[in-house]
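coords please:
(chains A and B)
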Amino acid sequence: MVAKMDKSATDLLTSPGVSSLFKSLKLKTKQQELLIRVTILFLVYVLAFITRLFSVLRYESMIHEFDPYFNYRVTQFLTEKGFYEFWNWFDSESWYPLGRIIGGTLYPGLMVTAALIYWTIRFLRFSVHIREVCVLTAPFFASNTTLVAYFFGKELWDTGAGLVAAVLIAICPGYISRSVAGSYDNEGVAIFALLLTFYLFVKAVNTGSLAWALASAFGYFYMVSAWGGYVFIINLIPLYVMVLLITGRYSMRLYVAYNCTYILGMLLAMQIRFVGFQHVQSGEHMAAMGVFFLMQVFYFLDWVKHSLNDPKLFHTFLRITVTCAVGLGAIALGVGTASGYISPWTGRFYSLLDPTYAKDHIPIIASVSEHQPTAWSSFMFDFHILLLLFPAGLYFCFKRLSDATIFIVMYGLTSMYFAGVMVRLILVATPAVCLISAIAVSATIKNLTQLVRAKGKASHSASGKGTTSSKASSKGSLDQSLPFQRNGAIALLLGAFYLLSRYAIHCTWVTSEAYSSPSIVLAARGAHGNRVIFDDYREAYFWLRQNTPPDAKVMSWWDYGYQITAMGNRTVIVDNNTWNNTHIATVGRAMSSYEDEAYEIMRSLDVDYVLVVFGGVTGYSSDDINKFLWMVRIGGGVFPVIKEPDYLVNGEYRVDKGAAPKMLNCLMYKLSYYRFGELTTEYGKPPGYDRARGVEIGNKDIKLEYLEEAFTTSNWIVRIYKVKPPNNRSLKCVGIALLISSIAVTMSYEAAKLIPTTSSELWLCFHLGKARSVASPGFEKLI
Amino acid sequence: MPPKSETQPSSAATVRPDHVYDSIDPIFHLLRILPFSFLRPPRLRLKLPNLTLPSAMTVYSLILLTYFMVVSGIVYDVIVEPPGIGSTQDRFTGSVRPVVFLPGRVNGQYIIEGLSSGFMFVLGGFGIVLLDLALDKNRAKSVKVSFASAGVASIVISYVMSMLFIRIKIPGYLG
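Here you go, the predicted structure:
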């Protein structure tokens, strides 16, 4: 903000007052533009942060959902014990009795980032709790993503598109859904890393500079450390390079950028223990390696063409080389795959290419609600106007094809396809959709404003200047087309602003209503419209923490594992990591069996407490009875004893009088509805009316033989049962043994009385009596 | 490799001896000796098809078609296999009435509702494209006017219909 001092000094001297002050602050156009840009970016930065704070303001600053609790627990461990303890941590409190190698089976980027922020703030002598840092990490990184989006838009199109992209991505619900305050999950940091890596790579391809390529490799390293979705980057970039090669855009810049990024990125990625050597061993990473070798072939051919001056000879050479290269590559791939060195695509990623695969083969993946395919309303909910702007933006990109726009088109198309396959991946598509829509908005508004400004200048001159475009407004045209052009353009501009304002209203409404619920605290509208809060989960976990022995083992469905370990501080059998399908199937089998079979399984796992979630009293629909069929399917996938049709009646899943007998007597049913038959839940309905299913339950008189009820929360949402130890049967055996031994002793004593007294007899009596006195205390107790 | 041995006989006879011995291709020489020293390839009039890359706008129209399918929820239709249109039975008269929008869930649809919403989105995008085409300087004025009005009409219809659909689908929308 440099004022023009030489000019304004004289002005100040000559004309005092407000006008001279204003003149002294008059900026040049470039500086005005810079000021406007900086102000907009600052406002967008603040906006992105504060729009994610709804749940902190409504409830409290707490961690949401399930997975973030594990991340929070790990971050706590990291800040307390240091990095080496964290990196070598073996956790025996989850997956009992297997344990889990935490240091080697997680992506450390999020935890290390939060710990670094925490240590920096502590260094500045602000004493914050690690929980506050964890809760606010995701909004902070969302703000940083808007800045990266601005630079990326500037690289792709121009600064106007960059600014629009920053605004769109700041409030887009697709991104907010996973980066709201309290959602302390990998995606919050990973989307920032993803966009940063893509921006640095496109910059490297545009400039051909080694520095940008190195920066891109480090961005890739950050992405690999943050999220398993890095596989998307390592497949999209080679695909992009292939498209550039096919369309004849091979250049030295591309060669430098790709080679440097790939090699250095691969080496850095191997530093993460969880990734290990997958970059050279896994089928999902082979595309990058193949393209790497193809680039070397292209470079070699280019060099030969340059040194060989005969085009015909070169064509022959080209044909030989390409054939050999393709042949060798195919043979290498075949040998690698056949020998098993290159592992095939894992189920998680293979189900993206073939969406029907998970439904038939891997029920765990198919059961997660976020993995369902996307319907049109989810798209509309998360994108609103951007769905209309996306095809228009693609059109503009195709009009002005360059290396950068080809990249964004490919990113947009591939990510939209994957977003169609799985709802969760709308998050990955959001930056691409925002950028492309920003291009459409920027180009359209530029066209319209050019009309307004050009005709504004020309309208001063003669009106017979009907040269260029004439857009008559829809209200009909008069002889003079020029003013109507201008009016029409102004009307369209106002329309564009109206649409963008509707987008902002929609985004704020969606954020407030749909994406700001902590999931661990439930809210509902009471009878008089007031808000009722159910804090049952935390109530149950704190009961566990304070009323059970420290080495107690808790069995529950895997959804709640992380929360139980983090808040209840007890060992669990299975948790959300779901790395061992057989262990989960064992738990599923236990939940779906009759009580005695389940008791055997629970004894074999050393289970002390069982936790179930029940929504029949409150009408909460995400409870264990609604998830029960998944337990059956997963358990039946490993143990064929459990058959799904046993629990259904005519293919229908019921819990009322007409339910299947196996359903009415399985452990899950008993634990959920124990004592529920006496409870009246709704006015005018019989006792035992399940509000979540909307039926009266079938089996109201439930007796538990091997478990006893330990705790039920105030709204009956979480119910905890204690597994009874097997004391009954051993006491019975001891009693029977004592009875038989007493009878034997008495009979032998009577028999011995008939034998003459000798020392041996005395010895016999003495020893038998001693045995009897030892046995008698217990025996007398039994009587 | 076969095309090469066919083009060789079809080139001029005088040039042939030089080309045969100048070739550096080992596979060509192998083939020349092994089957083709005693076999005589016939004269064919085959031409390799000229593979050219399609123009940008062709690719764009294909992409628009794919976008329409994805955004209509075709993957959801293939996996979950919902009916084309839902039905509900009127309690009092017993007649079966069709239900176009699947109620109750955000992530669920019938096939027809997905396709019609996808069409609306593509129509809106196409309207913006028409607006841009209307600003092209090299067209007749009447064409430009019709493009512009068609564009504005498309955008307005698409936006209004999309809002209507989402209001029907989610009863508590915006309020």
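
show me the residues around A:Asp606 that make contact.
Applying C-beta atoms under 8 Å, 6 or more residues apart in numbering or on different chains to A:Asp606 gives the contacts A:96-97, A:553. Yep, even glycine has a C-beta here, placed from its N, CA and C like the rest.

quick one: it and A:Val304, what's the gap?
69 Å (C-beta to C-beta, to the nearest Å).

circling back to that earlier point, in PyMOL, how would I select just the buried ones from the contacts of A:Asp606?
To isolate the buried members of the contacts of A:Asp606 in PyMOL, using 16 or more other C-beta atoms under 10 Å in any protein chain shown:
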select buried, chain A and resi 96+553
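
mind putting the contacts of A:Asp606 into JSON lines with pLDDT, distance to A:Val452 and secondary structure?
Putting these into JSON lines (pLDDT from 0 to 100; distance: C-beta to C-beta, whole Å; DSSP: H, G, I helix; E, B strand; the rest coil) gives the following:
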{"residue": "A:Tyr96", "pLDDT": "87", "distance to A:Val452": "70", "secondary structure": "coil"}
{"residue": "A:Pro97", "pLDDT": "88", "distance to A:Val452": "73", "secondary structure": "coil"}
{"residue": "A:Lys553", "pLDDT": "93", "distance to A:Val452": "72", "secondary structure": "strand"}
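
and the contacts of A:Asp606, which is closest to chain B?
The nearest member of those to chain B, counting by C-beta to the nearest C-beta, is A:Tyr96 at 34.9 Å.

shouldn't the closest one be in contact with A:Lys553?
Yes. A:Tyr96 is within contact range of A:Lys553, at 5.3 Å (criterion: C-beta atoms under 8 Å).

common neighbours of the two, please.
Common contacts of A:Tyr96 and A:Lys553, defined by C-beta under 8 Å, 6+ apart, comprise A:571-573, A:605-606.

dump these to JSON lines, plus secondary structure.
As requested, the shared contacts of A:Tyr96 and A:Lys553 are arranged in JSON lines below (DSSP: H, G, I helix; E, B strand; the rest coil):
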{"residue": "A:Thr571", "secondary structure": "strand"}
{"residue": "A:Val572", "secondary structure": "strand"}
{"residue": "A:Ile573", "secondary structure": "coil"}
{"residue": "A:Leu605", "secondary structure": "coil"}
{"residue": "A:Asp606", "secondary structure": "coil"}
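
for these, give me TSV that also has pLDDT.
Converted to TSV, the shared contacts of A:Tyr96 and A:Lys553 look like this (pLDDT from 0 to 100):
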residue	pLDDT
A:Thr571	93
A:Val572	93
A:Ile573	93
A:Leu605	91
A:Asp606	91
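
of those residues, which pair is most distant in space?
A:Val572 and A:Asp606 (12.0 Å; C-beta to C-beta).

neighbours around residue 67, how many?
Using chain A here. 19 (other C-beta atoms under 10 Å in any protein chain shown).

actually chain B
B:Tyr67, neighbours per other C-beta under 10 Å, totals 23.

that one is in contact with A:Leu387, isn't it?
No. Shown here, B:Tyr67 and A:Leu387 do not form a contact pair, counting by C-beta under 8 Å, at 9.2 Å.

most proximal residue of chain B with respect to chain A?
B:Gly125 (2.9 Å).

leaving out the residues flanking it, which one is nearest to that residue?
Distances taken as C-beta to C-beta, 6 or more residues apart in numbering or on different chains place A:Pro391 nearest to B:Gly125, at 2.9 Å, with adjacent residues excluded.

buried ones in the host helix or strand of the one you found?
Applying DSSP states H and E as the criterion places A:Pro391 in helix A:386-399. By neighbour count on 16+ other C-beta under 10 Å, the buried set for helix A:386-399 is A:386-398.

so for the chain, the centremost residue is which one?
Chain wasn't specified; assuming chain A. A:Glu187 (5.7 Å; C-alpha atoms, centre = their mean).

sorry, I should have been clearer: chain B.
The residue lying closest to the centre of chain B (C-alpha atoms, centre = their mean) is B:Leu62, at 2.5 Å.

ok, and what's touching the helix or strand containing that residue?
Assigned by DSSP H and E, B:Leu62 belongs to helix B:56-71. With C-beta under 8 Å, 6+ apart as the test, helix B:56-71 has contacts from A:376, A:379, A:387, A:390-391, A:394-395, A:398-399, A:401, A:409, A:413, A:416-417, A:419-420, B:117-119, B:121-122, B:125-126.

shared neighbours of A:Val572 and A:Asp606, anything?
Counting by C-beta under 8 Å, 6+ apart, the residues touching both A:Val572 and A:Asp606 are A:96, A:553.

pretty sure the residue nearest to the centre of chain A contacts A:Leu427?
Yes. A:Glu187 lies in contact with A:Leu427 (C-beta under 8 Å); the separation is 5.8 Å.

joint contacts of the two?
Contacts common to A:Glu187 and A:Leu427, judged by C-beta under 8 Å, 6+ apart, are A:Arg178.

mind listing what the residue of chain A found nearest chain B touches?
Relative to chain B, the nearest point of chain A is A:Pro391 (2.9 Å; C-beta to the nearest C-beta). For A:Pro391, the contacting residues are B:64, B:67, B:121-122, B:125-126, B:128-129, by C-beta under 8 Å, 6+ apart.

and the closest residue to A:Asn144 other than its chain neighbours, what does it touch?
Ranked by C-beta to C-beta, 6+ apart and with sequence neighbours excluded, the top spatial neighbour of A:Asn144 is A:Phe192, at 5.5 Å. A:Phe192 makes contacts with A:141-142, A:144-145, A:148, as judged by C-beta under 8 Å, 6+ apart.

for chain A, give me the ranges with low pLDDT.
Where chain A drops to pLDDT under 70, the residues are A:1-17, A:20-24, A:363-365, A:455-483, A:727-732, A:755-783.

what is the burial count for B:Val59?
For B:Val59, the neighbour count with other C-beta under 10 Å is 15.

what do you get for A:Ile601?
Count around A:Ile601 with other C-beta under 10 Å applied: 17.

residue boundaries of the helices in chain B?
Taking DSSP state H as the criterion, chain B carries its helices at B:2-10, B:16-22, B:26-33, B:56-71, B:74-80, B:111-134, B:141-169.

touching chain A at all, the third one?
Yes. Judged by C-beta under 8 Å from any C-beta of the partner chain, helix B:26-33 comes into contact with chain A at B:26-27.

what packs against that helix?
helix A:311-339, helix B:2-10 (3 or more C-beta pairs under 8 Å, 6 or more residues apart in numbering or on different chains; DSSP states H and E).

low-confidence ranges in chain B?
B:1-22.

apply 80 and report the result again.
B:1-28, B:50, B:136-139, B:175 (pLDDT under 80).
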